[in-house]
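Asker: quick one, what's the 3D model for this:
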Amino acid sequence: MSFISIIISLFVLLFAITVHEAAHGWMAARFGDPTAQLLGRVTLNPLPHIDPIGTVLLPLLLVLAGFPAFGWAKPVPVNPLNLRDPRKDNLWISAAGPIANLSVAFLSLVVLIFLKLINPSISSFLRNLLLGRGALPPGFYPLEGLALILFYAILINTYLAVFNLIPVPPLDGGGVMLGLLPAELAAKYERIRPFGFLIVLGLIYLGILNIIIRPIEIIIYTLVFF
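Answerer: Here you go, the predicted model:
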C-alpha cells in the first residue's frame, strides 16, 4: 500500500467511525434519550469519538502491516431508562450505525460511477494503483485523487457495517437481534454478552467473517475497477 493510500484510508476510517457513532447518538435522541447529545457525541467532529487504541493505534498498525484500515471509537452512551420502549428502540439505535455506513458507501459508489463516466481512465488508474501495478503518477490529478478517496469510503464503510452487523452482543448486530427476539429468548441471548468478544475472535480465526466479506469485496472491486 502506497503512503498516500495509507493516509487516505486512515482519514476515511476516522470519518466512517465518526458517522457510525454520531448515527447511534442521533437515533437515541430521536427515541427520547439525550445522553449522547448532551455529551457532544451527536457530531461529525471526530475528536469526541476518538478512542486512543481503537481509533489511532490499531488502524495505524493494521495499515502499516498491509491490512485494511479498521478500528472503533468510544461507544455512544445510551440510557435505556429514557427510552419509551427499550427493546424496540434499542434495535433501531443499534442499526443506525451500520445503516449510516452503508449509506455513505452507497453514495460514494454513485459518485465514483459518475466520475468514471466523465473520465473513463479512472478505472485503470485505480486498478493499477490498488493492485500494485504502478505508482501514483507525478502531478496533480484532482479527479483521480477524489476517486481514490471514494474507493476507500466504499470499502471501509462496508467493512465497518458488515462487521458490526454480526449478531453477537455487544456488536450492533447483537442489539438488533435482541430487539427481534421474543423477550424470553432475548434474555437468554443476552447471557452471551460477556463472551461476545471471544466469539467474534473465533469467527475471525475460523475464517467465517472472511467468507461473508469476500463476496461483498469482489462486488465492490468489480464495480470500481470496470
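
Asker: for this structure, which spans come out with low pLDDT?
Answerer: Along the chain, the model assigns pLDDT under 70 to residues 1, 133-140.

Asker: what's the residue closest to the geometric middle of it?
Answerer: L160 (2.5 Å; Cα atoms, centre = their mean).

Asker: just how off-centre is the helix or strand containing it within its chain?
Answerer: According to DSSP states H and E, L160 maps onto helix 142-164. From the chain centre to the centre of helix 142-164 is a distance of 10 Å (Cα atoms, centre = their mean, to the nearest Å).

Asker: for this structure, longest helix please?
Answerer: Longest helix in the chain, counting residues (DSSP state H): helix 86-118.

Asker: could you give the angle of that helix to helix 142-164?
Answerer: 150 degrees (axes from the mean of the first three to the mean of the last three Cα atoms, to 10 degrees).

Asker: what residues sit buried inside helix 86-118?
Answerer: Using 16 or more other Cβ atoms under 10 Å as the test for burial, helix 86-118 gives 86-87, 89-102, 104-105, 108-109, 111-112, 115-116. C-beta here means a position set from N, CA and C on the backbone, and glycine is covered the same way.

Asker: N79 contacts Q37, correct?
Answerer: No. With contacts counted by Cβ atoms under 8 Å, N79 stays clear of Q37, the gap being 11.5 Å.

Asker: quick check: angle from the helix or strand harbouring I212 to helix 86-118?
Answerer: I212 is part of helix 208-225, with elements assigned from DSSP H and E. Calculated by the same axes, to 10 degrees, helix 208-225 forms an angle of 30 degrees with helix 86-118.

Asker: CA atoms of helix 208-225 as CSV?
Answerer: Taking C-alpha atoms only, helix 208-225 is exported to CSV below (Å, rounded to 0.1, in the frame of the first residue of the first chain):
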residue,chain,number,x,y,z
ILE,A,208,-16.2,-17.2,8.8
LEU,A,209,-16.1,-13.4,8.7
ASN,A,210,-13.9,-13.6,5.6
ILE,A,211,-16.5,-15.9,3.9
ILE,A,212,-19.1,-13.2,4.5
ILE,A,213,-17.0,-10.3,3.4
ARG,A,214,-15.2,-11.8,0.5
PRO,A,215,-18.2,-11.9,-1.9
ILE,A,216,-19.0,-8.3,-1.0
GLU,A,217,-15.4,-7.3,-1.6
ILE,A,218,-15.4,-8.9,-5.0
ILE,A,219,-18.6,-7.0,-6.0
ILE,A,220,-17.0,-3.7,-4.8
TYR,A,221,-13.8,-4.3,-6.7
THR,A,222,-15.7,-5.3,-9.9
LEU,A,223,-17.9,-2.1,-9.7
VAL,A,224,-14.9,0.1,-9.1
PHE,A,225,-12.4,-1.3,-11.5
